[in-house]
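**Student:** build me a model from this:
(chains A, B and C)
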Amino acid sequence: MVDMKDPHIPVVGVVTDIRIDTPDVKTFRVVTPDGKKAFEHKPGQCAMLSIPGVGEAMFSITSSPTNTEFMEFSIKKCGCVTEWLHSMEVGQQITIRGPYGNAFPVDTAFVGKDMLFIAGGIGLAPLRSVINYCRHYRDRYGKIDIVYGSRSMEDLVDYKEIIEEWSNDAGVNVHLTIDREQPEWTGHVGFVPNYVKELGFTTDKIAILCGPPIMIKFTLAGLQEIGFDKTQVYTTMELRMKCGVGKCGRCNIGAKYVCKDGPVFRCDEVDELPDEY
Amino acid sequence: MQEITRDVLVNKASELMSAGTVDRVLGWMRGEFDYDITPAVFSTEEELKNNFVWNDFCGANFSKYLIRETQKSENKVLVFLKPCDTYSFNQLLTEHRFDREKVYAVGIPCNGMVDMTEIKKANEAIKAIEESGDSIVVKTLYDGDVTLDRADVLLERCKNCKSKKHVAYDELIGDDGEIIESARFDEVAKLEKMTADERYAFWQNELSRCIRCNACRDICPACTCEKCVFDNPNSGVENKAPADSFEEKMFHIIRAFHVAGRCTDCGECSRVCPQGIPLHLLNRKFISDINEFYGEYQAGSEVGNRAPIVNYTTEDLEPGEAVGRGGIDA
Amino acid sequence: MRKISLDKLDLLFSEIAKSAKLYLPVDTDNGAKYDVWEDGKKLSDALNTVRSAKDFFFPQTENLMDFKMSGKNIEIIDTRSECEDFVVFGVRACDVKSFEILDRVFLADPVDTFYKNRREHGVIISMACNKPAETCFCKTFGIDASEPCGDIATWKTDDALFLDAKTEKGEKLLSALEKITEAAKDADAEPQKALIKERLARLPLAELETSAFGNGKTNELFNAPEWKDLSESCLGCGTCTFVCPTCQCYDIKDFNTGNGVKRFRCWDSCMYSEFTRMAHGNNRLSQLERFRQRFMHKLVYYPTNNDGLFSCVGCGRCINKCPINMNIVKVMKKLGGKKNG
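**Tutor:** Residues are numbered from 1 along each chain as shown, chains lettered A, B, ... in the order given. Okay, here's the model as predicted:
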């Protein structure tokens, strides 16, 4: 019996690369001690990372499943665990378990569709996995638009990858924006929800929203204004989690557990949940 | 038996409500049975008429509820206070925890409240409980009626009642009583007579039952911090089951230290403990020590009095002397 | 069906204790509690234990794993070991039902092996309730205290204990007890069952019913104005959750022993202010929201996810123990429409 795998027991992961993305976001590359991926996942799924003695927390897996060598996590410094992660050096071991949660329906509802990704700040983290998945299987999807905004130029996560890779792909349009003017910034200035309206997308797309709740709220309203139906819009949620497998009882909204039934929800499904988010 | 009937209190509350003196009433709401009474805020005379109750099971001390309740509205709230509740009331005012101007306090006499846990120890399946003079008649579903001596089934704090006198009120119903020379320190004396090992074993046994539900802290009128240290996940002593028994004991000891000199001995901690731990004894030991070291002191006896342990005087006991004066094994 | 005379209960217990650790309710100064049987320990007559029987499978605190740290390296030490066989005697029908409710959480994929380990090694001997109390409402949740489930069900009459195996595990244990028990006819226990049935029907809470709750009632109940009054005097303590046989929320915490790290889990309560607090916010800031969560979970969310099964067994512990006497019965009566009025 005790030979059975228990969902609470993690495996050891080694941090093999740390990239400084923004003043408060770092991206960590994680493999097992023998240099492999800890497990396979689908775009949108999460993993529990921990430092024994400090704590365990849930993070979305930022790398695409199509990356066969390692997993990446873009993590913003905002609490005990993340502060510790930010102070780590390459070679540090952590623990990892997962994958948790549902995933974006990349192989069903998204197939053949034009995709509109809208992210704010660290909200790009869960989307990067899907974006790179769609780029990898480019012919399965239509046109790709990416609207991404942050407080400032320095706060844009994955900036190098966005400029050097995403922007250069055929059929991928990247629209960046920052909240306030900056001398060295020549791009758009303004909040994401307004920018989305200004860009005025056609409504024959799937939209995926990820960012702070307030951004999601206004962007969704904006999308609806220009004719999107809630069934075309997907988002992700984040609540406090401990077990990651729908047992410890704290990440529910109504009868849905964000760790197990989420983090990905279609916006019409969100409507059916009680207003507790 | 209560001298003041429910109707007297309902009428008083309705009167004050219709006169516009208060717009809501903190009172006891009837439950499913005679004994499961819930503290409630009544905002209509209709609610009062239908659901207000005053019987042997109105143990709840409303003083702490005033902190929250006075923040809700600019209007006055009526609160019914038993004599012992008035000490908590004063202590909270001393600590500036609520606005006195927003409260209309009606003092009501009390003959002691009955301990349902005590009744249920010997009687199960209780249909009804009636008062009859100095007796309590417990009507059971299967074993007929059982008559108990009321004095035997009072809450511990009522068996050892320290005061029938109200120390605060705007209006008093009935006659005021006297401060009582109670035997409340007898249990403390018993603990003091024990050897350190015996005392350790006593508390080990009692505190081992703790389930860290925090009911003692949450009911305690002296525990009014906006943010309790035990609610801090980084404190290492969070409001959860403990990692080891050391942590379990520390919770109660830290709490006892924190309320020392402010605890009025209202006994709510022991009344609500689901595991029957005599938590009041920890606090009472502090009270007894304060009395001994600094002279008789009753927290909450008047508003604004300075507790000896936060009020330095040149006559204060030197720390070294405490060792020789009992309570601590030399 | 087998039977044994009541004066031979000690013999029964010692026989069971030969093969496995035996727990049974015993009286203490603070009500009944489960304790390990040893010679001289008497079975309590109390209707139920203060703490529920969930502790056997989901203890208040348990170690999940250890870590050894050295430099940048971490070693994960799996501390699980096969649980010893144990028998719990005298579990009431409500608490037996609570195991089914816990099973659906802990044994759902992915299986919680800590729970499963104990569950597989535990044998439940239930006992029918001769004197159901005024606080009992198991009937509301489809539980029949005259026909308790478990591995072996028992009925206590004035002079004998009747035992009936309900599962393979139960049959195995009961057949091992054949030497000391005697054969009995099912009909022999019938008068006792009938007596209990009649008592259950006359309980003060016998009419409490659930039609206002369950799958699909979320939106209707979530915004009900009644939550305000119901939660008004809630202290936000965890008493109800901790005495409840079906409450199973837990926290996972690390404890630095100075010689490595222990990761343990412990009961947690949705009533606590920190329950849903994250580094960047808390989605249930008021006690109303936390209070509502607990009852919505039991009466709506859990049944929605579990084929209509409610996450309450009507044991009445919350009625007895809530410091302010607020409980699920009052919630159901207030929210349950005219029928529960």
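**Student:** now C:Ile152: how far from chain A?
**Tutor:** When distance is defined by CB to the nearest CB, to the nearest Å, C:Ile152 is 23 Å away from chain A. Glycine gets a C-beta too; all of them are placed from N, C-alpha and C.
**Student:** isn't that residue up against C:Ile125?
**Tutor:** Yes: C:Ile152 is in contact with C:Ile125 according to CB atoms under 8 Å; the separation is 4.6 Å.
**Student:** give the residues shared as contacts by those two.
**Tutor:** The overlap between the contact sets of C:Ile152 and C:Ile125 (CB atoms under 8 Å, 6 or more residues apart in numbering or on different chains) consists of C:163, C:170, C:173.
**Student:** tell me the contacts of the nearest residue to B:Asp56 once chain neighbours are set aside?
**Tutor:** Leaving aside its chain neighbours, B:Asp56 sits nearest to B:Val114 (4.1 Å; criterion: CB to CB, 6 or more residues apart in numbering or on different chains). Residues near B:Val114 by CB under 8 Å, 6+ apart: B:35, B:56-57, B:129, B:136, B:150, B:153-155.
**Student:** quick one, which of these are buried?
**Tutor:** Among the contacts of B:Val114, the ones that count as buried by 16 or more other CB atoms under 10 Å in any protein chain shown are B:35, B:56-57, B:129, B:136, B:150, B:153-155.
**Student:** neighbours of residue 213, just the number please.
**Tutor:** Picked chain A for this. By the criterion of other CB atoms under 10 Å in any protein chain shown, A:Pro213 has 13 neighbours.
**Student:** wait, chain C
**Tutor:** Neighbours around C:Phe213, by other CB under 10 Å: 25.
**Student:** how about C:Gly238?
**Tutor:** 28.
**Student:** again with the one 10 residues further on
**Tutor:** By the measure other CB under 10 Å, the count of residues near C:Gln248 is 24.
**Student:** and what of B:Ile173?
**Tutor:** B:Ile173 has 15 nearby residues by other CB under 10 Å.
**Student:** state the distance from it to B:His166.
**Tutor:** Distance, B:Ile173 to B:His166, by CB to CB, to the nearest Å: 10 Å.
**Student:** overlap in contacts, these two.
**Tutor:** Common neighbours of B:Ile173 and B:His166 (CB under 8 Å, 6+ apart) are B:Gly107.
**Student:** just the closest residue of the stretch 1-150 of chain C to chain B, please.
**Tutor:** Relative to chain B, the nearest point of the stretch 1-150 of chain C is C:Asn30 (3.6 Å; CB to the nearest CB).
**Student:** so that residue touches B:Ser208, yeah?
**Tutor:** No: contact between C:Asn30 and B:Ser208 fails when scored by CB under 8 Å: they sit 11.4 Å apart.
**Student:** tell me which of the two has more neighbours.
**Tutor:** C:Asn30 (16 against 12).
**Student:** excluding chain neighbours, what is closest to that one?
**Tutor:** B:Gly276 is the one closest to C:Asn30 (CB to CB, 6+ apart), at 3.6 Å.
**Student:** and the pLDDT at the one you found?
**Tutor:** Note on B:Gly276: pLDDT of 94.
**Student:** give me the neighbour count for it.
**Tutor:** 17.
**Student:** and A:His188, by the same measure?
**Tutor:** By other CB under 10 Å, neighbour count at A:His188 equals 15.
**Student:** wouldn't it be in contact with A:Asp179 here?
**Tutor:** No: contact criterion CB under 8 Å: A:His188 and A:Asp179 do not qualify, at 10.7 Å.
**Student:** how near is the closest residue to chain B within chain A to C:Leu235?
**Tutor:** Using CB to the nearest CB, the single residue of chain A nearest to chain B is A:Cys80, 6.9 Å away. Per CB to CB, A:Cys80 is found 28 Å from C:Leu235.
**Student:** who has more neighbours, the two?
**Tutor:** C:Leu235 (23 against 14).
**Student:** which residues of the stretch 51-200 of chain C fall in helices?
**Tutor:** Counting by DSSP state H, counting those that start in this stretch, the stretch 51-200 of chain C has helices at residues C:93-106, C:113-121, C:168-176, C:190-201.
**Student:** can you name the residues in contact with the last one?
**Tutor:** Under the contact criterion CB under 8 Å, 6+ apart, helix C:190-201 has outside partners B:141-142, C:128-132, C:136, C:139, C:144-147, C:155-157, C:162, C:206.
**Student:** before we move on, the earlier item: quick check: bridge partners of the residue nearest to B:Asp56?
**Tutor:** B:Leu154 (DSSP bridges).
**Student:** tell me the confidence at it?
**Tutor:** 96.
**Student:** tell me how far it lies from chain A.
**Tutor:** 37 Å.
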